[in-house]
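J.: build me a structure from this.
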Amino acid sequence: MRAFRQGALLLLLWCAAVGAQDRQLVIAPVNPAPAGERRVALVIGNSAYKVSPLRNPVRDARAVSKALAATGFKVTVLENGSETTMRRAIRAFGDELLSGGVGLFYYAGHGMQVRGRNYLIPVNADIEREDEVEDQAVDASLVLSKMDSAKNALNLMILDACRNNPFARTFRSAAQGLAQMDAPSGTLVAFATAPGSVASDGDGDNGLYTKHLLANMTRPGLPIEQLFKEVRVGVGKDTGDRQVPWESSSLRGNFYFVAPDPSLSAEAQKQHLEKAVAEAVRREQEKLAAQQREMQAMIREMLAKQRAELEEEMRRRDEALGRKPTPVAAPAAPAVDLTPVMAAPSPAPAQAPTTPVHAPSPAPAPSDPLQVASMAPTPVAAETLDPRFPKVGDRWKYVYKDPFARESRDIEIEVIGVSKDGILDEDDISLYGKGARAHGPHAELLVIRQIWLFSPYLHVFGAAKPGARWDDVKARNDNFCRRLSACEYSARVLGTERVRTAAGTFDAVKVEVNLTAGSASFSTQRRATFWYAESAKRLVKSTMRTFSRNNVGPDYDLELVSYKLN
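T.: Okay, here's the model as predicted:
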């Protein structure tokens, strides 16, 4: 009855506070904390911003406050806080922590990082310049400082504050999300998403992250670290891993929002926890297996589509030259066993596309034969493969230099999918924006804006063996050979060589690709050299040289200037 009266009073106060700024309430614990433990919490929810108001933070703060009161916390809840009121509430919270126990700080609303520091944005913030943030917002480190000074047993800081920066358009850096924060001793800092990423405000009654937090807070006997793992699994499942919650922890002891059932023996409690953990692991494995099947089917389909387009290109070339169609031989088997190293085999995809080859993908419009509009830009998780393979999110940056034309431009590549059949990456080589391309384990040539790309992951598939050679290399998007009756590409592995680039010095496999072409009144020879480094998991350098007087394309250098491997 007492709990009912408290809940009714709280509901009336909240109803009166709708739309109000700086509404602050103190909620007494509805249930006692385990073993008489002292628990205090400060909960802030900011929704009513003048710029970019948010739908859920106030509702999130109310729901979290109720859940915390039900698990033994004395809760101070602040709705739509101004900068002054937020600072006062944090100061009072710090004073309460000096009496010991467990402290918890929860914030939902706009947050931003500026020069590596995280700021919580009050609803009355009037920010037009980046250098005004420090004065107009509240540094999240202030809360950690209060926790660290109190030296109490355990502290939790939960930030559902990674929405888009509403002032980013006027900032120089305009960094997304929040920056990484190190947790002081005895503290856990939880973020709604990984550092530098943006979280969803949610379409339901609560924000996506807080929805899963609430679903797990009242589970008996769930340790705090396992609770946040469960939240991460749930959010990842709902977003296809586009949002991945993250924590920084220096906790030394155990903490439960709801203690284990005292009626269970220690062994029964252990079994209960192990069952919960096993169930979470099972769900995670099922999700991963489904993603692996989806990725494998996607890459197979794209490689098959590229093979069909290569065949069509060869047919049109033969037709224009008035000769019999040239068959496109099926790619040879890869030189090494490409079976991925996995904990358990994944079922084969429902549909098995035709045997793939490496070539660029189909165009969304005739003006750009290299764009792939049908590919989702969001990276998809891939299965665990041979360590030579790159991973989703691996990135490389190259500089293209044409000494004769004095042209220089940057080219960026990022892996967005990996399977045992091939590697899917996205580049900005084309004039028409980013394009996604699948690369298999076979020696094939792709021409983009007169740049030759010879199977950029050739070595990770084990195909660049010493002495290997290919006497009839098929070239995709090859406008030069389309009009010549005699035009052949060949390639061979020359061996290993140490090569220096702006990104470092690499032990690389050296491959040479030659073009010999001519007609009754014309002949030319071009040679491209490629260096592949296992440590960089991709092509690190290439050069193009022409050995004739005919101007058939630019000589250039392509060099790796930086890269990041996950």
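J.: tell me the contacts of the closest residue in space to Gly72 that isn't next to it in sequence?
T.: Excluding the flanking residues, the one nearest Gly72 by CB to CB, 6 or more residues apart in numbering is Ala33, at 2.9 Å. The C-beta positions use only the backbone N, C-alpha and C, and glycine is treated the same way. In this structure, Ala33 makes contact with 39, 71-73, 102, judged by CB atoms under 8 Å, 6 or more residues apart in numbering.
J.: the residue nearest to Asp394 when sequence neighbours are not counted and Ala436, how far apart?
T.: If you skip the residues right next to it in sequence, Asp394 has Val415 as its closest partner in space, 4.6 Å away by CB to CB, 6+ apart. From Val415 over to Ala436 the distance is 10 Å, taken as CB to CB, to the nearest Å.
J.: what residues are shared contacts of the two?
T.: By CB under 8 Å, 6+ apart, Val415 and Ala436 have these common neighbours: 424-425.
J.: could you pull out the strands for the stretch 1-150 of the chain?
T.: Counting by DSSP state E, counting those that start in this stretch, the stretch 1-150 of the chain forms strands over residues 23-27, 39-45, 74-79, 102-108, 111-114, 117-120, 138-139, given from the N-terminal end onward.
J.: in a markdown table: these, plus distance to Glu279.
T.: A markdown table is the format used below for the strands of the stretch 1-150 of the chain (distance: least, CB to CB, whole Å):
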| stretch | distance to Glu279 |
| --- | --- |
| strand 23-27 | 33 |
| strand 39-45 | 28 |
| strand 74-79 | 30 |
| strand 102-108 | 26 |
| strand 111-114 | 33 |
| strand 117-120 | 34 |
| strand 138-139 | 39 |
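J.: now those in a markdown table, with mean pLDDT, distance to Ala192 and mean neighbour count?
T.: A markdown table is the format used below for the strands of the stretch 1-150 of the chain (pLDDT from 0 to 100; distance: least, CB to CB, whole Å; neighbours: other CB atoms under 10 Å):
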| stretch | mean pLDDT | distance to Ala192 | mean neighbour count |
| --- | --- | --- | --- |
| strand 23-27 | 87 | 23 | 16 |
| strand 39-45 | 96 | 13 | 26 |
| strand 74-79 | 96 | 19 | 24 |
| strand 102-108 | 95 | 9 | 26 |
| strand 111-114 | 86 | 9 | 24 |
| strand 117-120 | 90 | 12 | 23 |
| strand 138-139 | 94 | 18 | 21 |
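J.: which residues of the stretch 301-450 of the chain fall in strands?
T.: When secondary structure is read from DSSP E, counting those that start in this stretch, the stretch 301-450 of the chain shows strands at 395-402, 407-419, 422-427, 435-439, 445-448.
J.: pick the most buried one from those strands.
T.: Ranked by mean neighbour count under mean count of other CB atoms under 10 Å, the strands of the stretch 301-450 of the chain are led by strand 435-439, which reaches a mean of 26.
J.: show me what contacts Val133?
T.: Shown in contact with Val133 (CB under 8 Å, 6+ apart): 112, 114, 119, 127, 167.
J.: how near is it to Tyr119?
T.: The gap separating Val133 from Tyr119 is 5 Å, by CB to CB.
J.: shared neighbours of those two, anything?
T.: Counting by CB under 8 Å, 6+ apart, the shared contacts of Val133 and Tyr119 are Met112.
J.: returning to that earlier point: would TSV of the strands of the stretch 301-450 of the chain with mean pLDDT and distance to Ser149 be doable?
T.: Formatted as TSV, the entries for the strands of the stretch 301-450 of the chain read as follows, by pLDDT from 0 to 100; distance: least, CB to CB, whole Å:
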stretch	mean pLDDT	distance to Ser149
strand 395-402	93	41
strand 407-419	88	43
strand 422-427	88	47
strand 435-439	85	51
strand 445-448	86	58
